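Colleague: Show me the folded form of this:
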Amino acid sequence: MSGPQPSAAATSGGHATPGASMPGRPTRAGTPATAPAASPPRAPNGRPVTDRPAPSSRIPVPPSAPASSSGPAGSSGPGRPNRPLHLARTLIWCAITAVVVLAFATAPLDWASLLRFPGNMIRYLGLMFGPPSLATLGPALSATLLSVQMAWFGTVLGVAVSLPLGFLATRGVTPAPVRAVIRAVLGLLRAVPEVVIAILILSVTGLTAFTGALAIAVGSIGTLGKWSYESMEAVDRGPIEAARAAGANRWQIVRWGVWTSAQPEVLAFWLYRFEISVRASAILGLIGAGGIGKVLADNVNFRIWDAVGMLLIVVVVVTVIIDLISGTLRRRLITGRWSAPRLRRTPVPAVGTA
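Modeller: Numbers count the residues shown, from 1 in each chain. Model (predicted):
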């Protein structure tokens, strides 16, 4: 028997010819050897080049449903959902409009005098300020000083009473029943205007400046008490927790944890209340409580218009000066500065520069 036939690589001197089998992979007898598959061409970056198109970076959007040519009634556009109908809101606005129109229609207003008001106002301004009476300057300053004294006494008395009540009305300082009663009393005092309080006090003290000062004090108690406990409840909790961790009792926590943080705002509220009291003192004088309001009412009743003009000038100038001083002090207490911080302008680069 003859042995196995030598392969084509052996007969050609160890060099493989095209169509021959790869070394190490014997072929079956009688089965022709196949050539290896040619490697696909590669791009310069080393990746094989294929005929498959590159995937698109765009996200496919599903086709939308065709919009109808005409949307339903009440819709904002073709194919869009209907707008919600706020029936209750519409009825409320209709009711408010009807009340306003009915009030104007049924009010006993003289529309003809309303049309003549601008001309009459110009005529009276000419009588008051053309020119004002310089002889009234001394009494006007004296009456204005009395009004400022009334406002200062009433504000100081209100501060002295409202500060303890503000502490007692603060959440976390007193029990809830005590806090509720004090807040109810403060709310009741705020609900009554100073003029009504002065009328109630007239039967006891009479028509004096002391009556106006007491009325301002009672009104200040309700307002300053509310501002005080709201400021104390809005303080940062850090100092309170630090005082509690150091072993402080309740009143020591109120003194060093609450009052220290709320003090600037409370003092600013006191000054702002003094501004309000100055204006209220002028109004209280109209009912006979003394001050610039009483002098102004007397001159208006006797139609001494040049004196009225001088009184108005003094009242406006003194009130503006007090507002400026109080505003500066309040700014100092809150921000620590005597003047408002200036806004720094950022330079705008020129066009074409980096």
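Colleague: so where's the stretch 201-350 of the chain shaky on pLDDT?
Modeller: Across the stretch 201-350 of the chain, residues meeting the criterion (pLDDT under 70) sit at 339-350.
Colleague: All the helices of this structure, residue numbers only.
Modeller: 8-11, 87-106, 111-129, 137-168, 176-191, 194-205, 209-233, 237-245, 250-253, 260-284, 292-301, 305-335 (DSSP state H).
Colleague: what comes up buried for the third one?
Modeller: I take that to be helix 111-129. Neighbour counts over helix 111-129 (16 or more other CB atoms under 10 Å) mark residue 128 as buried. In short, each C-beta sits where N, CA and C put it, glycine included.
Colleague: So which of the helices of the chain has the densest surroundings on average?
Modeller: Among the helices of the chain, helix 209-233 has the highest mean neighbour count (mean count of other CB atoms under 10 Å), at a mean of 24.
Colleague: That one vs helix 292-301, what angle?
Modeller: Orientation of helix 209-233 against helix 292-301 (axes from the mean of the first three to the mean of the last three CA atoms, to 10 degrees) gives an angle of 130 degrees.
Colleague: Could you check the angle helix 209-233 makes with helix 260-284?
Modeller: 150 degrees.
Colleague: returning to what we had before: let me have the helices of the chain in a markdown table, adding distance to residue 80 as columns.
Modeller: Below are the helices of the chain laid out as a markdown table (distance: least, CB to CB, whole Å):
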| stretch | distance to residue 80 |
| --- | --- |
| helix 8-11 | 79 |
| helix 87-106 | 21 |
| helix 111-129 | 48 |
| helix 137-168 | 56 |
| helix 176-191 | 50 |
| helix 194-205 | 58 |
| helix 209-233 | 48 |
| helix 237-245 | 50 |
| helix 250-253 | 60 |
| helix 260-284 | 51 |
| helix 292-301 | 63 |
| helix 305-335 | 52 |
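Colleague: Could you say which one of those comes nearest to residue 81?
Modeller: Closest approach to residue 81 among the helices of the chain is made by helix 87-106 (17.7 Å; CB to CB).
Colleague: Now the most centrally placed residue in the chain. Its backbone dihedrals?
Modeller: The chain has residue 234 as the residue nearest its centroid, 15.5 Å off, counting by CA atoms, centre = their mean. The phi and psi values for residue 234, taken as degrees, to the nearest 10, are phi -100, psi 10.
Colleague: quick one: contacts for it?
Modeller: residue 262 (CB atoms under 8 Å, 6 or more residues apart in numbering).
Colleague: I'd like to know how far it sits from residue 255.
Modeller: Counting by CB to CB, to the nearest Å, the separation of residue 234 from residue 255 is 18 Å.
Colleague: ok, now residue 123?
Modeller: From residue 123 to residue 255 the distance is 61 Å (CB to CB).
Colleague: Residue 278 now?
Modeller: For residue 278, the distance to residue 255 - CB to CB - is 32 Å.
Colleague: just residue 139 next, same as before
Modeller: Taken as CB to CB, the span from residue 139 to residue 255 is 48 Å.
Colleague: Relative to the whole chain's centre, how far out is stretch 321-338?
Modeller: 21 Å (CA atoms, centre = their mean, to the nearest Å).
Colleague: For residue 295, give me its contacts.
Modeller: 139-140, 143, 285, 311.
Colleague: Run through the stretch 51-200 of the chain and note the low-pLDDT ranges.
Modeller: 51-79.
Colleague: how does it look with 90?
Modeller: 51-89, 103-115, 117, 130-131, 133, 136, 171-175, 194, 199-200 (pLDDT under 90).
Colleague: sorry, back to before: can you put the contacts of residue 295 in JSON lines and add distance to residue 326?
Modeller: Putting these into JSON lines (distance: CB to CB, whole Å) gives the following:
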{"residue": "139", "distance to residue 326": "26"}
{"residue": "140", "distance to residue 326": "22"}
{"residue": "143", "distance to residue 326": "21"}
{"residue": "285", "distance to residue 326": "21"}
{"residue": "311", "distance to residue 326": "22"}
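Colleague: and the two most separated of those?
Modeller: 139 and 285, at 13.1 Å, using CB to CB across the contacts of residue 295.
Colleague: one step back: what is the nearest of the contacts of residue 295 to residue 150?
Modeller: Using CB to CB, the contacts of residue 295 come closest to residue 150 at residue 285, 8.5 Å.
Colleague: What is the neighbour count of that closest one?
Modeller: For residue 285, the tally of surrounding residues (other CB atoms under 10 Å) stands at 25.
Colleague: From residue 333, how far out is it?
Modeller: 30 Å.
Colleague: Kindly report the same for residue 92.
Modeller: 44 Å.
Colleague: Alright, that wraps it up for me.
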